[in-house]
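[1] Any chance you could fold what I've pasted below:
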Amino acid sequence: MIDISWLASTGPCKKIAAGQRIPCPGVSDSSERAMYILLVGRVDVYKASAAGGRQTIGSLMPGDVFGGREFFTDVAEYDYAAGLDSLVYLLTESSFNDLSWSRPELLFEVFKGAYTPLRKMSASEKKAALDAASDLANAQKTERAPKKGAAGAPTGSAAQQAAQGAPNSAASPEMLAVEIFPKGHKGYQDITKPDYAKLVFAKDYSCPVCKKTFSDFKIFRSKLYESEPMRYDLRRYYTDFQTEWYDVITCPHCYFSTFHNYFTDPKPIQKVKFEKELVAARASVYLDFKAERNINFVFASHYLAMLCADGYLSLGRQIRAKLWGNLSWLYEDVMDEQMEKFCAEKAALAYEAVYAETRLTPVQEQVTCLSIAGMQYRAGMDNNLKRYLFTAKTIKQGDRTYAKVAEDFMFDYGEQKE
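    Purely as a prediction, here's the structure:
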């Protein structure tokens, strides 16, 4: 029996919307080399008919393995599509190796499942798959973290089935997924920045959470050239590069994420503050670390870092403020004005918390006041905006560059108000 609860908690997993085709090796438009284990929902199996169309030949239920023949032979025998909103475990070449070390007993089940003839689902199995997929869809619509029982156990009938070890039971959506994206976040075009590669270099990192090493990128700061003056909200523009794309590092093993400087100069961290949520998020979000970085990867890394920020206690305030600021700029770049303003307001409030609760140097106070004012302005707010600008302009022992930005901002803002 395949332990789908364990697979869901370790990942990599991927959500598949009802009706979406699932690519397998051997298919010309397949971008992923993977076989799959269905965790939640239903997958329908199709085969080309002699008449030129395709006919449904069966359906898969949670615990079933599919895409195995295609994975091992590169011959596409069937087409697969989600019959309901579903969650699948991805067996890639990388995760196959990980699984062989951590749970070798599962490999026999995987091989057996890959070549087991298709069978029809019983009425009770269809109902169980439908109920679990419905729960998954409802869980995806909520912004808050899932409710837990007294000992951190998932609640609900599907969770009880999983806890009791029912054969092929669908794992609880509350155990499977934490929705890391806020309401309003959309799927964005697969924007990539291949030219950015010349301004970053590979570097080895050690994860402070899982202690594993991995390779990611670091920015060639010495090669960056500002293409225009620093903006009123302290956003910097560089020739052919925006640093927000590489500010956050994500561990490919456990998905722990934070700003690169906290990997190179580790700070005390309390894993208990986010560890369970990170496991659930890893089951909910699939990141392809081998593919070229795209905007959706960048968004996901930032929101994962937001989840992990609680582990830094007092430093978490600064981390969250900078993350919200970065996110507002990223939404600006994809022209999502609603989310741009939403994150700008979050950033302004977060920077206000930093200003009120943190001991700052004069320059740090300037930066924080300018960030508050700039993000308030972008969000359409005015909560003592001028006072923050005046403080940034007049503070003793501050930086003249920031004082000039504050002065220019005050003038432009005053002109608009008249």
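[2] List phi and psi for the residue nearest to residue 322 when sequence neighbours are not counted.
    Once flanking residues are discounted, residue 322 sits nearest to residue 259: 7.1 Å by Cβ to Cβ, 6 or more residues apart in numbering. For glycine as for every other residue, the C-beta is placed from the backbone atoms N, C-alpha and C. Dihedral pair for residue 259: phi -70, psi 150, per degrees, to the nearest 10.
[3] Make sure residue 259 is actually in contact with residue 244.
    No. Checked against Cβ atoms under 8 Å, the pair residue 259 and residue 244 is beyond contact range at 11.0 Å.
[4] Pull out the buried positions in stretch 223-232.
    residue 232 (16 or more other Cβ atoms under 10 Å).
[5] can you list the residues that contact it?
    Contact with stretch 223-232 is made by 199, 236-239, 241, 243, 370, 373-374, 377, 401, 405, 408-409, 412, as judged by Cβ atoms under 8 Å, 6 or more residues apart in numbering.
[6] Separate out the buried members of these.
    Buried among the contacts of stretch 223-232 by 16+ other Cβ under 10 Å: 199, 238, 241, 243, 370, 373, 374, 377, 405, 409.
[7] returning to what we had before: number of residues surrounding the residue nearest to residue 322?
    18 (other Cβ atoms under 10 Å).
[8] which residues does it bridge with?
    Note on residue 259: beta-bridge partners by DSSP bridges are residue 248.
[9] Tell me how far it lies from residue 107.
    38 Å (Cβ to Cβ, to the nearest Å).
[10] mind checking the longest helix of this structure?
    Looking across the chain with DSSP state H, the single longest helix is helix 337-357.
[11] Return the alpha-carbon coordinates of the helix or strand following it using PDB.
    Counting by DSSP states H and E, the next helix or strand C-terminal to helix 337-357 is helix 362-379. The C-alpha coordinates for helix 362-379 follow below in PDB (Å, rounded to 0.1, in the frame of the first residue of the first chain):
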ATOM      1  CA  PRO A 362      19.800  57.600  11.900                       C
ATOM      2  CA  VAL A 363      20.300  56.200   8.400                       C
ATOM      3  CA  GLN A 364      18.000  53.200   9.100                       C
ATOM      4  CA  GLU A 365      15.400  55.700  10.400                       C
ATOM      5  CA  GLN A 366      15.600  57.600   7.200                       C
ATOM      6  CA  VAL A 367      15.200  54.500   5.100                       C
ATOM      7  CA  THR A 368      12.300  53.300   7.200                       C
ATOM      8  CA  CYS A 369      10.500  56.600   7.100                       C
ATOM      9  CA  LEU A 370      10.900  56.900   3.300                       C
ATOM     10  CA  SER A 371       9.700  53.400   2.900                       C
ATOM     11  CA  ILE A 372       6.600  54.100   5.000                       C
ATOM     12  CA  ALA A 373       5.800  57.300   3.000                       C
ATOM     13  CA  GLY A 374       6.600  55.700  -0.400                       C
ATOM     14  CA  MET A 375       4.500  52.700   0.200                       C
ATOM     15  CA  GLN A 376       1.600  54.700   1.700                       C
ATOM     16  CA  TYR A 377       1.600  56.900  -1.400                       C
ATOM     17  CA  ARG A 378       1.600  53.900  -3.800                       C
ATOM     18  CA  ALA A 379      -1.300  52.300  -1.800                       C
END
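[12] elements contacting helix 362-379?
    In terms of contacts (3 or more Cβ pairs under 8 Å, 6 or more residues apart in numbering; DSSP states H and E), helix 362-379 is packed against helix 315-333, helix 337-357, helix 385-394, helix 400-417.
[13] any chance you could map the strands in this protein?
    Ranges of strands in the chain, per DSSP state E, are 13-16, 21-22, 35-40, 43-48, 54-60, 65-66, 79-82, 86-91, 200-206, 213-219, 226-228, 237-238, 248-250, 257-259.
[14] Need the mean per-residue confidence for stretch 325-340.
    Averaged across stretch 325-340, the pLDDT comes to 96.
[15] Could you check it and say which residues are buried?
    Within stretch 325-340, the residues that count as buried by 16+ other Cβ under 10 Å are 325, 326, 327, 328, 329, 330, 331, 332, 336, 339, 340.
[16] Same check on stretch 68-82?
    Residues of stretch 68-82 classed as buried: 68, 69, 70, 71, 76, 78, 79, 80, 81, 82 (neighbour count, 16+ other Cβ under 10 Å).
[17] Single out whichever of the residues you listed has the smallest pLDDT.
    Lowest in pLDDT among the buried residues of stretch 68-82 is residue 76, which has 67.
[18] and the strands of the chain as CSV, adding distance to residue 360?
    Output for the strands of the chain, formatted as CSV (distance: least, Cβ to Cβ, whole Å):
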stretch, distance to residue 360
strand 13-16, 42
strand 21-22, 51
strand 35-40, 47
strand 43-48, 54
strand 54-60, 57
strand 65-66, 56
strand 79-82, 51
strand 86-91, 44
strand 200-206, 29
strand 213-219, 25
strand 226-228, 25
strand 237-238, 26
strand 248-250, 23
strand 257-259, 18
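[19] in the stretch 251-400 of the chain, what spans have low per-residue confidence?
    Counting by pLDDT under 70, the ranges of the stretch 251-400 of the chain that qualify are 283.
[20] Dump stretch 385-393 to PDB, keeping only the CA atoms.
    C-alpha atoms of stretch 385-393 as PDB (Å, rounded to 0.1, in the frame of the first residue of the first chain):
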ATOM      1  CA  LEU A 385       2.900  60.700   5.300                       C
ATOM      2  CA  LYS A 386       4.300  64.200   5.400                       C
ATOM      3  CA  ARG A 387       5.600  63.700   9.000                       C
ATOM      4  CA  TYR A 388       7.600  60.700   7.900                       C
ATOM      5  CA  LEU A 389       9.100  62.600   5.000                       C
ATOM      6  CA  PHE A 390       9.900  65.500   7.300                       C
ATOM      7  CA  THR A 391      11.700  63.200   9.700                       C
ATOM      8  CA  ALA A 392      13.700  61.600   6.800                       C
ATOM      9  CA  LYS A 393      14.700  65.000   5.600                       C
END
